[in-house]
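Visitor: Quick check, what structure comes out for this input:
(one chain, ligands or ions: 1)
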Amino acid sequence: MTTLGLTGGIGSGKTAAAARLAEKPGVRIVFADDVAKRLMVEDPAVRDAVRQRFGAEAYREDGTLDRAHLASRVFGDEVELAALNAIVHPAVRRAMLAAIESARASGVRLLVYEAALIFETGADQILDHVAVVDAPEAVRIQRATARDGATPEAVRTRMARQMDPAEMRRRANSVLENGGPVAELHAQVDALYERLLSPEASPGASGEPPSA
Ligand code: ATP
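Guide: Prediction:
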């Protein structure tokens, strides 16, 4: 089995690339955002830590997470955000490792981990290959505003808090250019899929015959 990390900044097209991969045989996708949201509700240790740090108001009476409250606490506050990340990231990492093992045991051929933060959390050290999805800034702003109804300024503010795309591109194993029509993204995703699943690309394949 091969593991692929899919990352990129806001509005870059990570989810669009993941959706294309999801159509292919042998692929399982793990969305880091979904994992984090689930753990904040379902993992007792994470819940306790969030409650302790951010107060009982972080959860509603029915046990669901009060996302708006939490967002208002961490938005624009680096110390608070770092505190939340210190609670959530290790749990997400454990869940990712468990997801990799479970995928391996289920005969999955390509486990895809879609996450805005891959280099920042060190997940790249666990994954076989990291692909960054990227598009010109103006295109990303246009797509993100159209999708979320957010203002361009709000999108720019979020962008400014993310890793510089040039740095992501430098650290990635491959880059999916998403400045054009979605068909062009799909063609690159298809080629990456073929490349990652070709026998020569499988992790550990050295081309050398096994030694006796
Ligand atoms: P975020 O991190 O903000 O969630 P993302 O990287 O997952 O973003 P997507 O949600 O995949 O990005 O893409 C952003 C928006 O742009 C979506 O509405 C998506 O449908 C659209 N989009 C993605 N790629 C293209 C493309 N090549 N052409 C037109 N629209 C696109």
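Visitor: so which helix or strand takes in the spatially closest residue to residue 43 that is not a sequence neighbour?
Guide: Of all residues not flanking residue 43 in the chain, residue 91 sits nearest, at 5.8 Å (C-beta to C-beta, 6 or more residues apart in numbering). Using the backbone N, CA and C atoms, a C-beta is placed for each residue, glycine as well. If you go by DSSP states H and E, residue 91 is part of helix 78-105.
Visitor: Just checking, which helix or strand succeeds that helix along the chain?
Guide: Note on helix 78-105: by DSSP H and E, the next helix or strand toward the C-terminus is strand 110-114.
Visitor: Show me how far the next helix or strand after that next one is from its chain's centre.
Guide: Moving toward the C-terminus from strand 110-114, the next helix or strand (DSSP H and E) is strand 129-134. From the chain centre to the centre of strand 129-134 is a distance of 10 Å (C-alpha atoms, centre = their mean, to the nearest Å).
Visitor: returning to what we had before: check which residues of the helix holding residue 91 are buried.
Guide: By neighbour count on 16 or more other C-beta atoms under 10 Å, the buried set for helix 78-105 is 80, 83-85, 87-89, 91-93, 95-96, 99-100, 103.
Visitor: Now do the residue positioned nearest the centre of the chain against residue 2, distance only.
Guide: With distances taken as C-alpha atoms, centre = their mean, residue 115 lies nearest the centre of the chain, 0.6 Å away. Computed with C-beta to C-beta, to the nearest Å, the distance linking residue 115 and residue 2 is 17 Å.
Visitor: next one: residue 50
Guide: Distance, residue 50 to residue 2, using C-beta to C-beta: 34 Å.
Visitor: Quick check: buried residues in the worst-scoring helix or strand of the chain on mean pLDDT?
Guide: Every helix and strand of the chain was ranked by mean pLDDT, DSSP states H and E. The lowest is helix 67-74, at a mean of 90. If you call a residue buried by 16+ other C-beta under 10 Å, then helix 67-74 has these buried ones: 70, 73, 74.
Visitor: next one: that helix to chain centre, how far?
Guide: On C-alpha atoms, centre = their mean, the centre of helix 67-74 falls 21 Å from the chain's centre.
Visitor: Equivalent analysis for stretch 160-167, please.
Guide: Taking the mean of its C-alpha atoms, stretch 160-167 sits 15 Å from the chain's own mean (C-alpha atoms, centre = their mean).
Visitor: buried set for it?
Guide: So for stretch 160-167, counting by 16+ other C-beta under 10 Å, buried means 162, 163, 165.
Visitor: which one among those residues gets closest to residue 8?
Guide: Closest approach to residue 8 among those (C-beta to C-beta): residue 165, at 7.6 Å.
Visitor: any idea how far that closest one is from the ligand?
Guide: For residue 165, the distance to the ligand (C-beta to the nearest ligand atom, to the nearest Å) stands at 11 Å.
Visitor: I appreciate the help and will end here.
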